[in-house]
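Trainee: model this:
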Amino acid sequence: MCQFISTSANIYLTRKSGFKLQYKNIKTFYRKFDRSPTARYFPMTSLISIITTTYNREQYLGTAIESILAQTYHNFELIIWDDGSTDSSLAIARKYAQQDTRIQVIAAPHQGRGIALKAAHTMCKGTYTGWVDSDDLLAPRAIEETAAILDAQPEIGVVYTDCLTINEKTQVKGLGHRSQIPYSPDRLLVDFMTFHFRLFRHQLYNQIGGINSEFNRAEDYDFCLRLSEITQFYHLKKPLYYYRQHSQHTVQQLDQILASKSAISQALHRRGLSERFELEVDIVSRFFLYKRKHKEICSKSTASSPIFVIGSPRSGTTLLRLILTTHPDICIPPESLFFVALESKYGAVNDFLPQIEDFLNDLYNNNFHRFGEWNVDRQLLLDNLTNNQQLSYAQAVSTVYQTYRQQFDPTASIWGDKNPFHIYQLGKIRRYFPGVKVILIVRDFRACYGSVKKLVAKEQERGEVWPGIKTIAGLTHQWNQVVKIIEKYHQKWEQFYLVSYEDLVREPSAQLAKICKWIGVDFQESMLEFYQRNPDSGLVPPSQMVWHPNTLEPVGVKGINAWQDELSFSELETIELMNWKNLEKLGYKCTSLF
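Mentor: The predicted structure is shown next:
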């Protein structure tokens, strides 16, 4: 069926945070785990550039810097790029720069790691370059041993090492999963094994055009994919890097998954493989390449007929969900990713009642998919799940939603789901729920981008960083996926309904009457009073209200053309050059090109 299967993506997607450590503990840590004497006799000639980008990492930045200063190879420069930190990270970096002339510190506005990395590279003077994350640790001989290979073997363009994973307290958890995956340029298409630590020839960086900052949070993966197409990689099988894993996961992982998917798609195109293979991705970022002519879709039957609301980010999915769930017959919980997140583990199990405690632990103990925001009583859910003689994954998922309905909206008879990420999961949704009714809401892409831009501009004021994709290219990828769904299903599948955000807010009663008729319920004007019910019922979880303040207001048209004031001419021109065909196709007239 598939050519390659990734088994380590959930490690790659772990976000880092934690506590500050003392340097005296780091020295002991190195002595315990790094005893290899090799490569220390190689001549130290080449200047090597090490880049560390940081954003609000005061807990670990000092120890990361000290691990670099402790290198046995001394001829290096350390470029620390502070990406607009609001904590003491910049002050910490400057303190070390005052003590060691090899350190340069640059303070810049917050723009994201990809842009920061790209900018930091313009400062590099070294023959070789490497990156160290601001909360990780570099083993003392990492630079010396990797540089020795590049010195001795000119045909090698990149050296990468094994890494040990450590926790918040710098306790070693084991060899990183990626370190155990054999390298090949083809395997790299679905497994990012060239992870940490990497040292590469700086001339190759320039040869491939450097960092593509559009792949924010996956820029290193895209970089390695492009390097693998022009040079040889060498795997130094020694754990010379300590990669810190953290227990807290965030929805920002979605951006990483989508950016990685886009990077792989572009690599397939560059390698002339896009016609032979198509890419499938699940929520834990396991990638599959299928030969197109052999791909089969298996069907899993279920009696459930839920409503799934989908659309690109900032297109009005939250608004539509709130309006629908205000109907007495419809219950749609807050956004969660558990259905797709746990499918890779439980989807193929015919009866996982014996694993029910594992399922519940995965459901309740992982913050990434945000199920905890539902506040579903665990014992009630356990009772409902075990009230089955046999339990398939589709039945379990349906039971979870039905338990939420039972607890918070017992008069409703229809359950539903709302999630913008499900624009990539429609095939999977249809396989598990053949009776599903899908409502796709589409909005002018310029308005979607304008909404994101406005949220990003107020990040410091709110004290919260927008967790979604911020770039025009990344958001275009998501919006184009919506257009593909429309072309595939609109007026071709009776269980698919298309509504535009603009029509919904201009004439809400008329549009909702049509939607309700299609669902099979009577339209009620009280549905438009969702904004009054939201504060009392907490329909939007408190943690998400910072991104949805308008849910406390009635439906209005002020957001339709707000983009005309929010976008610069260059942004508008870029958006319309990239999307004019699809914009015109959906009736959104371009203004900057004609």
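Trainee: now the element after the longest strand along the chain, going C-ward?
Mentor: What stands out as the longest strand in the chain, according to DSSP state E, is strand 232-244. Per DSSP states H and E, the first helix or strand lying C-terminal to strand 232-244 is helix 252-270.
Trainee: so for that next one, mean pLDDT?
Mentor: Averaging pLDDT along helix 252-270 yields 76.
Trainee: so which other helices or strands are in contact with it?
Mentor: Helices and strands touching helix 252-270, by 3 or more CB pairs under 8 Å, 6 or more residues apart in numbering; DSSP states H and E, are helix 219-227, strand 277-281, strand 287-291, helix 472-489. The way it works is simple: take the backbone N, C-alpha and C, and place the C-beta from them, glycine included.
Trainee: now it - C-alpha only, PDB.
Mentor: Below are the C-alpha coordinates for helix 252-270, written out as PDB (Å, rounded to 0.1, in the frame of the first residue of the first chain):
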ATOM      1  CA  GLN A 252       0.600  25.200  16.900                       C
ATOM      2  CA  GLN A 253       1.600  21.700  16.000                       C
ATOM      3  CA  LEU A 254      -1.100  21.800  13.300                       C
ATOM      4  CA  ASP A 255       0.900  24.500  11.500                       C
ATOM      5  CA  GLN A 256       4.000  22.300  11.700                       C
ATOM      6  CA  ILE A 257       2.000  19.300  10.200                       C
ATOM      7  CA  LEU A 258       0.600  21.400   7.400                       C
ATOM      8  CA  ALA A 259       3.900  23.100   6.700                       C
ATOM      9  CA  SER A 260       5.600  19.700   6.600                       C
ATOM     10  CA  LYS A 261       3.000  18.500   4.200                       C
ATOM     11  CA  SER A 262       3.500  21.400   1.900                       C
ATOM     12  CA  ALA A 263       7.300  20.900   2.100                       C
ATOM     13  CA  ILE A 264       6.900  17.300   1.100                       C
ATOM     14  CA  SER A 265       4.500  18.100  -1.700                       C
ATOM     15  CA  GLN A 266       7.000  20.600  -3.200                       C
ATOM     16  CA  ALA A 267       9.800  18.000  -2.900                       C
ATOM     17  CA  LEU A 268       7.700  15.500  -4.800                       C
ATOM     18  CA  HIS A 269       7.100  18.100  -7.500                       C
ATOM     19  CA  ARG A 270      10.800  18.900  -7.700                       C
END
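Trainee: now the helices and strands packed on helix 252-270 in a markdown table, with mean pLDDT and distance to Asp83?
Mentor: Listed next are these as a markdown table, based on pLDDT from 0 to 100; distance: least, CB to CB, whole Å:
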| stretch | mean pLDDT | distance to Asp83 |
| --- | --- | --- |
| helix 219-227 | 91 | 13 |
| strand 277-281 | 65 | 27 |
| strand 287-291 | 53 | 28 |
| helix 472-489 | 90 | 18 |
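Trainee: and those: which comes nearest Asn367?
Mentor: Of all the helices and strands packed on helix 252-270, strand 277-281 sits nearest to Asn367, with 21.1 Å by CB to CB.
Trainee: low-confidence stretches in this structure?
Mentor: Regions of the chain meeting the criterion pLDDT under 70 cover residues 1-44, 246-255, 278-304, 368, 462, 534-548, 551-552, 592-594.
Trainee: if we go to 80?
Mentor: For the chain, the stretches with pLDDT under 80 are 1-45, 177, 213-217, 245-259, 274-304, 366-369, 458-468, 531-553, 592-594.
Trainee: the stretch 51-200 of the chain: strands as residue ranges?
Mentor: 76-83, 103-108, 128-131, 137-138, 156-166, 172-175, 198-201 (DSSP state E, counting those that start in this stretch).
Trainee: winner for burial among those?
Mentor: Comparing the strands of the stretch 51-200 of the chain by mean neighbour count (mean count of other CB atoms under 10 Å), strand 137-138 ranks first with a mean of 28.
Trainee: contacts for it?
Mentor: The contact list for strand 137-138 (CB atoms under 8 Å, 6 or more residues apart in numbering) reads 26, 29, 63-64, 67-68, 71, 132, 166, 170, 197, 240-242, 244.
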